[in-house]
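1. I would like the atomic coordinates for the input below:
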Amino acid sequence: MMLLSMLLGCFHHYDERMTAGHIAVKEIILSCESDDAASCKVMGAAAAGTATRIVWDDQYYWLTAAHVCNLSSGMGVTAARAVTVTSGGDGAKSEISRLTYNTEKDLCIMPARPGPARAIAKREPDLGSPVSIIAYPGGEFSNNILPIYDGRFSGHSGNRCLTTIPVAGGSSGAGVLDDRDQVVGVVSAVMRSFNHYTITVCLGDLQDFLSKAAPQAQSAEAEAVQTDR
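-> Numbers count the residues shown, from 1 in each chain. Below you'll find the model as predicted:
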């Protein structure tokens, strides 16, 4: 575990851009009547957002919002088609084969290659403490840029958390980072009339999701299709 922490520190020092990626979704497989690919029902989509490469239980994932994955209701695993994550820094493209998600929590993870990654924080930020995201609002992505947006942690509103980080369409799914650069939430929505009122998934829901979704993602075969659980 100490070695992993050292490696994460080296990755962060080397190229912080590679911890974030741009996700583009064109098609998702919803269900298949048989093993024949021609029997699969495919949903056309035109979704885009931001993903954060994380490490959880020594496994690497791209983390984003479920509404970026553009799936049906519930929690489960679905096969993916025409879903791509392009990482910052090196511009490497990953063709995603499956998605594990929970639409109620608005969270989604996808297998990722090992590389610079964020750890999940163990505690929530203090009220008023600095938070930030790396995001691609408007879908404006270049692997040469490091688009960091800052704000403050503003607390809870119902089952969601609030920050004053400015966001716009395309920022969805970005990991919210505390002052130790660890993930404390995920961008979920924004007030239309004021783009500094940003609604995020809270840390507790993120930890709960990962504790259930990560084993499911590891055990599911790439062809598994389960859109409602």
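2. for stretch 41-55, the distance to its chain's centre please.
-> Relative to its chain's centre, stretch 41-55 lies at 9 Å (C-alpha atoms, centre = their mean, to the nearest Å).
3. Would you mark the buried spots in that stretch?
-> Residues of stretch 41-55 classed as buried by neighbour count (16 or more other C-beta atoms under 10 Å): 42-43, 45, 47-55. Backbone N, C-alpha and C define where each C-beta goes, glycine included.
4. likewise stretch 116-125?
-> For stretch 116-125, by 16+ other C-beta under 10 Å, it's 116-121, 124-125.
5. Wait, A213 touches Y101, no?
-> Yes: the pair A213 / Y101 is scored as a contact, 7.5 Å apart, by C-beta atoms under 8 Å.
6. Give me the more crowded residue out of these two.
-> Shown here are A213 and Y101; by other C-beta atoms under 10 Å, Y101 has more neighbours (30 against 24).
7. How about the secondary structure of the residue nearest to the more buried one when sequence neighbours are not counted?
-> Leaving aside its chain neighbours, Y101 sits nearest to C108 (4.1 Å; criterion: C-beta to C-beta, 6 or more residues apart in numbering). Of the three states, C108 takes strand under DSSP: H, G, I helix; E, B strand; the rest coil.
8. P215 too?
-> Here P215 is helix, with the state taken from three-state DSSP.
9. so how far is R152 from it?
-> Distance of P215 to R152, computed by C-beta to C-beta, to the nearest Å: 34 Å.
10. Same question for P125.
-> Applying C-beta to C-beta, the value for P125 to R152 is 9 Å.
11. Which neighbours do those two have in common?
-> Taking C-beta atoms under 8 Å, 6 or more residues apart in numbering as the criterion, P125 and R152 both touch V131.
12. Which other helices and strands does the strand ranked longest in the chain contact?
-> Longest strand in the chain, counting residues (DSSP state E): strand 40-56. Counting contacts by 3 or more C-beta pairs under 8 Å, 6 or more residues apart in numbering; DSSP states H and E, strand 40-56 packs against strand 20-32, strand 59-64, helix 66-69, strand 75-87, strand 130-134, strand 183-191.
13. Many thanks, we can stop here.
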